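Asks: Here is the input, now give the coordinates:
(2 chains)
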Amino acid sequence: MAFSIAGILAVLLEVIRPWLPLIIIVLAIDVAITAWLLASRGRSWSNGRRPALLGGAIIGVLAFFLAPLITSARFSDLSGLLDWMSILGGSIAAALVAAVLLWPLTTALFGKTVHS
Amino acid sequence: MTDDSTFGPVSARRRALLKAAGLGGAFVAVGGSTLLSAPANALPTSARIVIIGAGAAGIAAANRLDSALDGARITIIDRRQRHLYQPGLTLVATGIWRPGKVVDSNERYLPRSVNWIQDHVAEIDPDANRVVTTGGQNIDYDYLLVTTGLTVDYAAIEGMSRDLIGREGIGCVYDNPEHAERTWRMIDHYVTAGGVGLFTRGPGGIKCAGAPLKVTMLTEDLARRRGTRASLEMIYNSPSGGLFSQPDTNEFLKGEFPSRDIGINWHHRLKGIEPEARRATFATPQGDVRLDYDFIHVVPPMRAPDALGNSPLAWQDGPFAADGNWMEVDQYSMRHRRYGNVFGAGDCVGTPIGKTAASVKAQVPVAVDNLISVLAEREAVQRFNGYTSCPLITGRGRGILVEFDYALNMVPSFPFISPYREHWVPWVMKDRMLQPAYNAMLRGRI
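Replies: Have a look, this model is predicted:
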């Protein structure tokens, strides 16, 4: 059975639907911090990049090790390239999303320039 | 396939009006998901369309028809307020999901413009194009979509009733979340206390035919995890000479069960049960066999609901009549073979395979698009290929994604997921992805 792009997006929408309020809150906070950073001076995005990547990496590693547990499974249930690539790909995706979401926050916290 | 001339007695004048309304609109866009995402292209019509049953097929069809038609008077008849995600009952019955996870409401998914009559159907009269509810309401239609689901026939097993589920070592994964939870209590106790476990499967067409197998393997897996496997004697009783209709999966299971020390009794059909004595009677080619048990998973035969099975819409003879009075449809177009303005989808139809939610996903677009084509007096060209799917869960954390068609050929949706090997990914799909996909189907989006 073929799934269209629109169909896959419709399923993904249903996957995140229970968490939509939380997702909206997190995005709103991110947007607000970003707006504040753009309006103010004295913060360097590049200074916030490294801690954001570090946070993303931690999330990625946690996702890799917790994914079987979260799905009521064990590492011994993983079998073959499909499972290992899936868990690896999912963890990398989680790391990237976390890094992007953390970047405004880490810039606000750690992005102060010397002259500010 | 029945042509338009064999329609029931929709009056010639009314049909002319419907035709004029249908041809007057932009019916060129009818059919397919493009239309569903573009209501501006909806087909104008004043047709009265009645859907019997607000299960997966009925709600999905209501949403699709509502998006595809402009001005249609769509009525859905079902007394039930609660919507159950039935594919999740296996996980409830084996202690993996909480019962509340499979409970939703029909109201949440039904379009506001659809008239919902909260009653059951008592009689279907396709010669008069009329449905009668148990409350005595007569509802006339121009087009009928039958999505009643099926009846689990507990009475077909002597001594068995729904009330026994969760007592005297009796479990049954079908029916509802309350019974699934009671089944879990029986399995939980059995796996702890040990003894003889009998696992059965109803003969003929049953919904989610993989469920009895999954319950067996998940119970075995649970005992292994708890370290009590040695105290359990597990026996699967097949009413036929096979375990699964798809040959490759059948061969896999015929190796898997013995390798996990699950005995198989071939040609053992559960005929009767003595709950207090904890004894079951099986009909076999050699005569009746009585087996004692500590736990039994009862899977009764299933059939069409009486209002459908006793109506002219049911198969009048042949294997689908003998098996469960299933609804007579052309297995490809989902259109009734004798009443051209009647279509069917879901568990109630008499087709060679396909009593699964996955089949509903494939059947409903075919039935709806063909109904709309007939309404617009065009040829009904959509075809259902028999697609069905079973995430065959072999244990907590792993499974095989089995998808096949009428020819019993494997038709994997995702070529990178092997239908021949156990993986973690199909388990994740079953545990996390299929319910969202089901909800998207209800909304008519996939």
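Asks: which residues in the stretch 251-400 of chain B form helices?
Replies: Under the criterion DSSP state H, counting those that start in this stretch, helices of the stretch 251-400 of chain B are mapped to B:306-309, B:319-324, B:357-375.
Asks: And for chain A?
Replies: A:5-16, A:20-39, A:45-70, A:80-110 (DSSP state H).
Asks: The helix or strand that contains residue B:441 - contacts with which helices or strands?
Replies: For residue B:441, the host element (DSSP states H and E) is helix B:434-442. If contacts are counted by 3 or more C-beta pairs under 8 Å, 6 or more residues apart in numbering or on different chains; DSSP states H and E, helix B:434-442 sits against helix A:5-16, helix B:56-68, helix B:357-375. Using the backbone N, CA and C atoms, a C-beta is placed for each residue, glycine as well.
Asks: returning to that earlier point: could you point out which of the helices of the stretch 251-400 of chain B sits nearest chain A?
Replies: Judged by C-beta to the nearest C-beta, the one of the helices of the stretch 251-400 of chain B that comes nearest to chain A is helix B:357-375, at 6.2 Å.
Asks: now that closest one: mean pLDDT?
Replies: Computed over helix B:357-375, the mean pLDDT rounds to 98.
Asks: Would that helix count as contacting chain A?
Replies: Yes: interface with chain A: helix B:357-375 contributes B:358, B:361-362 (C-beta under 8 Å from any C-beta of the partner chain).
Asks: Would you reformat the helices of chain A as TSV and include mean neighbour count and mean pLDDT?
Replies: Converted to TSV, the helices of chain A look like this (neighbours: other C-beta atoms under 10 Å in any protein chain shown; pLDDT from 0 to 100):
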stretch	mean neighbour count	mean pLDDT
helix A:5-16	16	94
helix A:20-39	12	96
helix A:45-70	16	97
helix A:80-110	17	97
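Asks: what about the ones you listed, which gets the closest to residue B:120?
Replies: helix A:5-16 (29.3 Å; C-beta to C-beta).
Asks: Enumerate the residues of chain A near chain B.
Replies: A:1-4, A:6-7, A:10-15, A:17, A:68, A:71-74, A:77-80, A:82-83, A:86-87.
Asks: one more time with 10 Å
Replies: Counting by C-beta under 10 Å from any C-beta of the partner chain, chain A comes close to chain B at A:1-4, A:6-18, A:67-68, A:70-87, A:90.
Asks: closest point of chain A to chain B, which residue?
Replies: Closest point on chain A to chain B, by C-beta to the nearest C-beta, is residue A:73, at 3.0 Å.
Asks: number of nearby residues for the nearest residue to that residue once chain neighbours are set aside?
Replies: Ranked by C-beta to C-beta, 6 or more residues apart in numbering or on different chains and with sequence neighbours excluded, the top spatial neighbour of residue A:73 is residue B:397, at 3.0 Å. For residue B:397, the neighbour count with other C-beta atoms under 10 Å in any protein chain shown is 22.
Asks: Show me the shaky parts of chain B.
Replies: Across chain B, the ranges flagged by pLDDT under 70 are B:1-40.
Asks: Domain boundaries for it, per the record?
Replies: Annotated domains of chain B cover B:31-79+B:118-150+B:304-386, B:155-300 [automatic domain parsing].
Asks: Out of those domains, which is the most enclosed?
Replies: Comparing the domains of chain B by mean neighbour count (mean count of other C-beta atoms under 10 Å in any protein chain shown), domain B:31-79+B:118-150+B:304-386 ranks first with a mean of 22.
Asks: Name the residues of the stretch 51-200 of chain B found near chain A, please.
Replies: Checking the stretch 51-200 of chain B against chain A by C-beta under 10 Å from any C-beta, the hits are B:91, B:96-97.
Asks: Most neighbours of all those residues, which one?
Replies: Of those, with other C-beta under 10 Å as the count, residue B:91 tops at 25 neighbours.
Asks: Reduced to three states, what does that one come out as?
Replies: Recorded secondary structure, residue B:91: helix (DSSP: H, G, I helix; E, B strand; the rest coil).
Asks: Surely it touches residue B:181?
Replies: No: judged on C-beta atoms under 10 Å, residue B:91 makes no contact with residue B:181 at a distance of 11.2 Å.
Asks: Find the residues that touch each one of those two.
Replies: Shared contacts of residue B:91 and residue B:181 (C-beta atoms under 10 Å, 6 or more residues apart in numbering or on different chains): B:97-98.
Asks: Tell me which of the helices of chain A sits nearest to residue B:79.
Replies: With C-beta to C-beta as the criterion, residue B:79 lies closest to helix A:5-16 of these, at 26.4 Å.
Asks: Just the CA atoms of that closest one, as CSV, please.
Replies: Provided in CSV are the C-alpha atoms of helix A:5-16 (Å, rounded to 0.1, in the frame of the first residue of the first chain):
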residue,chain,number,x,y,z
ILE,A,5,3.7,12.6,1.3
ALA,A,6,0.4,14.2,2.4
GLY,A,7,-0.6,10.8,3.9
ILE,A,8,2.6,10.5,5.8
LEU,A,9,2.3,14.1,7.1
ALA,A,10,-1.3,13.3,8.2
VAL,A,11,0.0,10.3,10.2
LEU,A,12,2.8,12.4,11.7
LEU,A,13,0.3,15.0,12.8
GLU,A,14,-1.7,12.3,14.6
VAL,A,15,1.5,11.1,16.2
ILE,A,16,2.3,14.5,17.7
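Asks: when you compare where it runs with where helix B:434-442 runs, what's the angle?
Replies: For helix A:5-16 against helix B:434-442, the angle by axes from the mean of the first three to the mean of the last three C-alpha atoms, to 10 degrees is 120 degrees.
Asks: thinking again about what came up before, what are the buried residues along the helix holding residue B:441?
Replies: Under the neighbour-count criterion of 16 or more other C-beta atoms under 10 Å in any protein chain shown, helix B:434-442 has B:434-442 buried.
Asks: Report the angle between that helix and helix B:357-375.
Replies: Using the same axes, to 10 degrees, helix B:434-442 lies at 10 degrees relative to helix B:357-375.
Asks: which residues pair with residue B:274 across the strands?
Replies: residue B:279 (DSSP bridges).
Asks: I figured it hits residue B:169, correct?
Replies: No: assessed by C-beta under 10 Å, residue B:274 is found out of contact with residue B:169, at 11.5 Å.
Asks: just so I have it, where are all the strands in the stretch 151-300 of chain B?
Replies: Taking DSSP state E, counting those that start in this stretch as the test, the strands found in the stretch 151-300 of chain B are B:151-152, B:170-171, B:195-200, B:232-237, B:262-265, B:269-274, B:279-284, B:287-292, B:295-297.
Asks: Put the alpha carbons of the fourth one into PDB.
Replies: In other words, strand B:232-237. Provided in PDB are the C-alpha atoms of strand B:232-237 (Å, rounded to 0.1, in the frame of the first residue of the first chain):
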ATOM      1  CA  LEU B 232       3.500 -23.800  31.400                       C
ATOM      2  CA  GLU B 233       2.200 -26.300  28.900                       C
ATOM      3  CA  MET B 234       0.900 -24.300  26.000                       C
ATOM      4  CA  ILE B 235      -1.200 -25.800  23.200                       C
ATOM      5  CA  TYR B 236      -2.500 -23.900  20.100                       C
ATOM      6  CA  ASN B 237      -5.600 -25.400  18.700                       C
END
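Asks: could you check the angle strand B:287-292 makes with that strand?
Replies: Going by the same axes, to 10 degrees, strand B:232-237 makes 160 degrees with strand B:287-292.
Asks: on that earlier part again, redo the helices and strands packed on helix B:434-442 as TSV? Include distance to residue B:416.
Replies: Formatted as TSV, the helices and strands packed on helix B:434-442 follow (distance: least, C-beta to C-beta, whole Å):
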stretch	distance to residue B:416
helix A:5-16	15
helix B:56-68	27
helix B:357-375	19
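Asks: Residue B:425 is nearest to which of those helices?
Replies: Between the helices and strands packed on helix B:434-442, helix A:5-16 lies closest to residue B:425; by C-beta to C-beta that is 15.1 Å.
Asks: What separation do you get for residue B:83 and residue B:338?
Replies: 31 Å (C-beta to C-beta, to the nearest Å).
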